[in-house]
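Participant: Any chance you could fold what I've pasted below:
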Amino acid sequence: MALTYTEIEEQKNTRIVIFFAVVVLFYFVIAILLATVTKAFFGMEFEARGMSPFLTSRQLLNVLLFALFAAVVHSAYSVHNALSFVRGNLEAVDVDASDTYHQRFKTVVDEVNVATGNKYKIIPVVIPTVAMNAFTVSNRSKEAILGITEGLLSKLNRQQLEAVVAHEVGHIVSGDSYQTTIGCALFGIYAAMLGGLEKGFRSGRIRVSGRGGGAIVLFLFLIYILLYIMQFFYNLVRLFVSRDRELRADALAVKLTRDPISLSEALYMISRGWKGLGSIDRNLESLFIMNPVEDKVDESEGLWADLLSTHPPIRKRMEILAQMAHADVREIQENVIRQEKLKERLVETITEPEGPRWMVMDKEKGWKGPFSIAQMMHLGWVTPESWLKGLNEESVKQAKEEPFLKPYFDGQIQMLNTTSFVCPRCQQSLVEETYEGANVARCVFCGGILLEEGKIPRIIIRKEVGFDERIQRLAALIQKEGLKKVQTKERINPLFYLKCPKCGNNMMRNCYTLAYLVEVDRCPPCHLIWFDKDELEVVQVLIENAQSV
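Facilitator: Have a look, this model is predicted:
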């Protein structure tokens, strides 16, 4: 029987309520067991005096009160700092106002938030990684962070992006993300204790030393076993409800967008790519739209899978969404594959700029060039009275007599947008351009590009631009000869170091990475990199070729 988003949403999952009841119960049970083990282990001498090694009712009450106080204080602190903690753990950054992809993402978040009544302050952030995933986390102040990876942001069209954002907003408005935050916060103390003991045992810091050292180690080992067992049961309860959270968020996304197909397409695209984010806290896995850790259990069904997996199978999610739209899962999958192939065919090819070029007479240095139209108008000293000659022409004429240049002098063509930066090679103002959605500063003379280091992963991830045979051959040559060139290269004379366009200090000349031996110029304090002509394109080709192997 087909499930609609209304049916899924109205299934007010009692296991969510049970989850919190069990989490709180676990919290106090662990506190009691820890106190009991401690007294029983160290209270043997009291037992010889006729005293019970176990907790009395008064002591039990004191333990519960202390545990309650610790839970309230720690939870309040953890929940209050949840946004900054998760953001720092994932190295997420604010959206770039000058980046077209980031602005589209921010606009979509604002639009979806309006559809929910603007009850939450949602902060969009981006994780600079090629992985494909999205997450959300919220606190008690109705503030939330909604994040997406650069990899996923570069792949989704606007409808698919809206569906993913709506899914994450669904977690926020339903309280799922806040509930997960509280659950993690409650067990934060025990998780920290468990982690500390594990680190101590592995590093050898916890060992027998001095009188009674063996007893202390045995006691810590018992505490470790107890914490490990309770952490295991807590994870079972947490994972048991995670699958229903994702289905409910899918349903709420459809309710907000009325577009189950786009969400189904987005989920399939994510499943086809790399979802991982490196080494992250296992407790954060349930925050993502899809488990960032590859696990075959995620695509299984049954009691065992329900207990051990944070997310329902992609096939199941797609089937529910397809039923809502009366569509077929296979057709959705085939459509996604067609979209990906079409996007590859539509990639723009970078070629050398075409058009007429001229030599221009400099009164002090003689003939200079050749220059294109844009280059001449950017020189700053070319006027309608300047003398020039075409590359294939013998005659000399004034610039005002050249039909191609007349529109520039007449103000019929808008001048280029210049930046405050000067080309470190040509000493001319750099021009502001958009390259694969990111703002860069380019020199119209030498073709070099200046950009912030943080923008480079975005450009590399996005594949809007293709490359002609010349760039491909250059990349192959650098890949073949690059290591030999670096190993035999003499130290560059400091007199020829390029000056940073921002701070004016010498830039460092080194390889982009040890894996891609393309020499670039860096200014670490300013976080800027200067790519000479073709260097950025070659880096992209080398990385894309490596990823396709």
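Participant: use CA for all of it now, contacts and neighbours both
Facilitator: OK.
Participant: in the protein, which residue is closest to the centre?
Facilitator: Nearest residue to the geometric centre of the chain (C-alpha atoms, centre = their mean): I127, 1.8 Å.
Participant: D99: neighbouring residues, count only.
Facilitator: D99 has 19 neighbours, counted by other C-alpha atoms under 10 Å.
Participant: Got phi/psi on the residue nearest to the centre of the chain?
Facilitator: Torsion angles at I127 (phi, psi; degrees, to the nearest 10) stand at phi -100, psi 120.
Participant: Quick check, pLDDT for it.
Facilitator: For I127, the pLDDT comes out at 91.
Participant: hang on, it packs against E91?
Facilitator: Yes. With contact defined as C-alpha atoms under 8 Å, I127 and E91 form a contacting pair (6.4 Å).
Participant: sorry, back to before: distance check, the residue nearest to the centre of the chain against R458.
Facilitator: From I127 across to R458, the span is 10 Å (C-alpha to C-alpha, to the nearest Å).
Participant: Repeat that for Y228.
Facilitator: Distance from Y228 to R458, by C-alpha to C-alpha: 40 Å.
Participant: Give me the more crowded residue out of those two.
Facilitator: Each of Y228 and R458 has its neighbours counted (other C-alpha under 10 Å); R458 has more, 23 against 17.
Participant: mind listing what the residue nearest to the centre of the chain touches?
Facilitator: Contact partners of I127, counting by C-alpha atoms under 8 Å, 6 or more residues apart in numbering, are 90-93, 147-150.
Participant: Tabulate those residues in a markdown table, adding columns for distance to S84 and pLDDT.
Facilitator: Putting those into a markdown table (distance: C-alpha to C-alpha, whole Å; pLDDT from 0 to 100) gives the following:
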| residue | distance to S84 | pLDDT |
| --- | --- | --- |
| L90 | 10 | 84 |
| E91 | 10 | 85 |
| A92 | 10 | 90 |
| V93 | 11 | 91 |
| G147 | 13 | 94 |
| I148 | 16 | 95 |
| T149 | 17 | 91 |
| E150 | 20 | 90 |
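Participant: Among those, name the ones in helices.
Facilitator: With DSSP state H as the criterion, helices contain 90, 150 from among these.
Participant: What does the pLDDT read for A215?
Facilitator: For A215, pLDDT reads 67.
Participant: let me redo that: A2
Facilitator: At A2, pLDDT is 44.
Participant: same thing with the one 10 residues further on?
Facilitator: The pLDDT attached to K12 in the predicted structure is 40.
Participant: Can you check the distance spanned by stretch 252-268, start to finish?
Facilitator: Stretch 252-268 end-to-end distance (C-alpha to C-alpha) = 18 Å.
Participant: Outside of that stretch itself, list whatever touches it.
Facilitator: Contacts of stretch 252-268 (C-alpha under 8 Å, 6+ apart): 5, 9, 112, 115-116, 156, 159-170, 250, 314, 317-318, 321-322, 324-325, 332-333, 336.
Participant: filter these to the buried ones?
Facilitator: 5, 9, 112, 156, 159-170, 250, 314, 317-318, 321-322, 324, 332-333, 336 (16 or more other C-alpha atoms under 10 Å).
Participant: Among those residues, name the ones in helices.
Facilitator: Using DSSP H, the buried ones among the contacts of stretch 252-268 in helices are 5, 9, 112, 159-170, 250, 314, 317-318, 321-322, 324, 332-333, 336.
Participant: Now do the shared contacts for I127 and R458.
Facilitator: In contact with both I127 and R458: E150, using C-alpha under 8 Å, 6+ apart.
Participant: Name the residues of stretch 140-154 that are buried.
Facilitator: Quick answer for stretch 140-154 (16+ other C-alpha under 10 Å): 143-154.
Participant: Whichever strand or helix holds K480: what's the following helix or strand?
Facilitator: Following DSSP states H and E, one finds K480 within helix 469-488. Counting by DSSP H and E, the next helix or strand C-terminal to helix 469-488 is strand 508-511.
Participant: contact partners of that following strand?
Facilitator: So strand 508-511 is contacted by 497, 517-523 (C-alpha under 8 Å, 6+ apart).
Participant: and the residue nearest to the centre of the chain, bridged to which residues?
Facilitator: T149 (DSSP bridges).
Participant: Test my guess that V93 contacts V126.
Facilitator: Yes. Using C-alpha under 8 Å, V93 is in contact with V126, at 5.4 Å.
Participant: so what pLDDT did A134 get?
Facilitator: At A134, pLDDT is 93.
Participant: list the contacts for the residue nearest to H102 when sequence neighbours are not counted?
Facilitator: With sequence-adjacent residues excluded and distances taken as C-alpha to C-alpha, 6 or more residues apart in numbering, H102 is closest to V95, at 5.4 Å. Contact partners of V95, counting by C-alpha under 8 Å, 6+ apart, are 102-103, 106, 124-126.
Participant: Can you tell me the SS state at K368?
Facilitator: With DSSP: H, G, I helix; E, B strand; the rest coil as the basis, K368 sits in strand.
Participant: where does the stretch 301-450 of the chain dip in pLDDT?
Facilitator: For the stretch 301-450 of the chain, residues meeting the criterion pLDDT under 70 lie at 301-310, 344-355, 377-380, 406-416.
Participant: got the residue ranges for the helices in it?
Facilitator: 303-308, 314-324, 329-345, 373-379, 406-409 (DSSP state H, counting those that start in this stretch).
Participant: how deep is L33 tucked in, by neighbour count?
Facilitator: L33 has 15 nearby residues by other C-alpha under 10 Å.
Participant: pretty sure it is in a strand, no?
Facilitator: No. Counting by three-state DSSP, L33 falls outside a strand, being helix.
Participant: F135 versus that one, what's the distance?
Facilitator: L33 is 35 Å from F135, where distance means C-alpha to C-alpha.
Participant: wait, what's in contact with Q179?
Facilitator: For Q179, counting by C-alpha under 8 Å, 6+ apart, there are no contacting residues.
Participant: Now it: which helix or strand?
Facilitator: For Q179, the host element (DSSP H and E) is helix 176-186.
Participant: quick one: the helices in the stretch 101-250 of the chain?
Facilitator: 150-155, 158-174, 176-186, 188-203, 213-257.
Participant: just to revisit the earlier point, of the contacts of I127, which is the nearest to V444?
Facilitator: V444 lies nearest to E150 out of the contacts of I127, by C-alpha to C-alpha, at 28.7 Å.
Participant: Contacts only, for the closest one.
Facilitator: Per C-alpha under 8 Å, 6+ apart, neighbours of E150: 126-132, 457-458, 461.
Participant: which of the residues you listed has the most neighbours?
Facilitator: Among those, M132 has more neighbours than the rest - 28 neighbours, counting by other C-alpha under 10 Å.
Participant: can you pull the contacts of that residue?
Facilitator: By C-alpha under 8 Å, 6+ apart, the neighbours of M132 are 148-153, 270, 273-276.
Participant: okay if I get those residues as a markdown table plus distance to Y435?
Facilitator: Listed next are those as a markdown table, based on distance: C-alpha to C-alpha, whole Å:
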| residue | distance to Y435 |
| --- | --- |
| I148 | 21 |
| T149 | 19 |
| E150 | 15 |
| G151 | 16 |
| L152 | 18 |
| L153 | 16 |
| I270 | 25 |
| G273 | 24 |
| W274 | 24 |
| K275 | 26 |
| G276 | 27 |
